[in-house]
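Novice: with the sequence up front, the predicted model follows.
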Amino acid sequence: MLDTINQIPGVSFQNNDAYGSAGGTLNVRGFDSSRISLTFDGIPLNDSGNYAIYSNQQIDPELIEQVNVNLGTTDVDSPTASAVGGTVNLRTKTPSHDMGVLASGSIGEFDFWRVFGMIETGETAEAVVKRESIEESGCIVTDLIPLYDFLVSPGGTTERIALFCGRVDAAAANGIHGASEEGEDIKVHVVTFDTAMALLKSQKITAASAIIALQWLALNRDEVRARWTT
């Protein structure tokens with residue numbers, strides 16, 4: 001992994017063997033590895049006794065999102081004891097919201113081979129609900145009741161929708177919300193149960209998921225109130 005920072009002026013890394021199994025030497029502006037802080041998501045990786053760096057005992061490169069190099073003397077609050085030569089931080093990838101699989105392989109001379117596999121489990125439906133509630137309404141969900149998991153158009157698509165009833169403090173829901181980087185501009189309206197039922201009866205609500213959720217609430221309101229008032 002440290003090979004990737006060789007292009008930075010003042011940084012030099014040399015592997016002791018072709019495959020990186022025997023470690024290597026890292027220098028930053030003339031300082032050797034015992035004077036360089038190597039961290040993994042902010043956690044020190046230097047030897048606690050002699051501050052040495054063992055480059056052959058690092059995380060797989062497929063799991064690294066970014067490598068940050070600071071060529072100057074480290075901050076006084078940095079988690080290291082002897083980084084007068086600079087700091088190198090390996091930042092791991094953030095797990096994907098979506099499920100996926102990554103597989104890669106390498107082969108070379110002298111029977112060299114390497115395989116790597118990774119499975120992204122993705123977020124659970126409950127985790128998505130809690131994250132999106134904060135993002136799109138400013139409300140923190142403190143309890144969730146699963147309602148239905150249904151096909152949007154059976155026979156036409158495999159897309160599914162999972163519905164939940166969530167407990168929030170609706171006082172924080174007014175205003176404009178959403179992620180600006182996603183082009184979201186969401187105005188949140190807070191209405192009473194009676195108003196919601198009137199809108200449903202007058203067919204002012206036309207989204208199928210909202211209709212199903214409100215019909216469920218009309219049937220189960222007493223049980224929900226009993227659960228959230230105890």
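Specialist: Sure thing, it's come through.
Novice: how far away is the residue nearest the centre of the chain from Glu120?
Specialist: The centroid of the chain falls nearest to Thr94 when counting by C-alpha atoms, centre = their mean (3.9 Å). Computed with C-beta to C-beta, to the nearest Å, the distance linking Thr94 and Glu120 is 11 Å. The C-beta positions use only the backbone N, C-alpha and C, and glycine is treated the same way.
Novice: quick one, what contacts Met197?
Specialist: Leu214, Ala218 (C-beta atoms under 8 Å, 6 or more residues apart in numbering).
Novice: before we move on, what SS does it have?
Specialist: Put simply, Met197 is helix when judged by DSSP: H, G, I helix; E, B strand; the rest coil.
Novice: could you check the pLDDT of it?
Specialist: You'll see Met197 listed with a pLDDT of 94.
Novice: distance of it from Glu132?
Specialist: 25 Å.
Novice: neighbours around Met99, how many?
Specialist: When neighbours are defined as other C-beta atoms under 10 Å, Met99 has 10 of them.
Novice: tell me the mean pLDDT over stretch 2-15?
Specialist: 81.
Novice: ditto for stretch 147-162
Specialist: pLDDT averaged over stretch 147-162 gives 86.
Novice: in the helix ranked longest in the chain, what's buried?
Specialist: Looking across the chain with DSSP state H, the single longest helix is helix 208-228. Neighbour counts using 16 or more other C-beta atoms under 10 Å place Ala213, Leu214, Trp216, Leu217 of helix 208-228 among the buried residues.
Novice: same question, stretch 29-37
Specialist: Phe31, Ser33, Ser34, Arg35, Ile36, Ser37.
Novice: now do stretch 168-179
Specialist: Val168, Ala173, His177, Gly178.
Novice: kindly check the end-to-end length of that stretch for me.
Specialist: Distance across stretch 168-179, first residue to last, is 20 Å (C-alpha to C-alpha, to the nearest Å).
Novice: the bottom helix or strand of the protein by mean pLDDT?
Specialist: strand 175-177 (a mean of 80; mean pLDDT, DSSP states H and E).
Novice: contacts only, for Thr229.
Specialist: Per C-beta under 8 Å, 6+ apart, neighbours of Thr229: none.
Novice: any idea how far Val190 is from it?
Specialist: 19 Å.
Novice: give me the pLDDT value at the residue of the chain positioned farthest from its centre.
Specialist: Of all residues in the chain, Ser202 has its C-alpha farthest from the mean position, at 41.5 Å, by C-alpha atoms, centre = their mean. According to the prediction, Ser202 has pLDDT 94.
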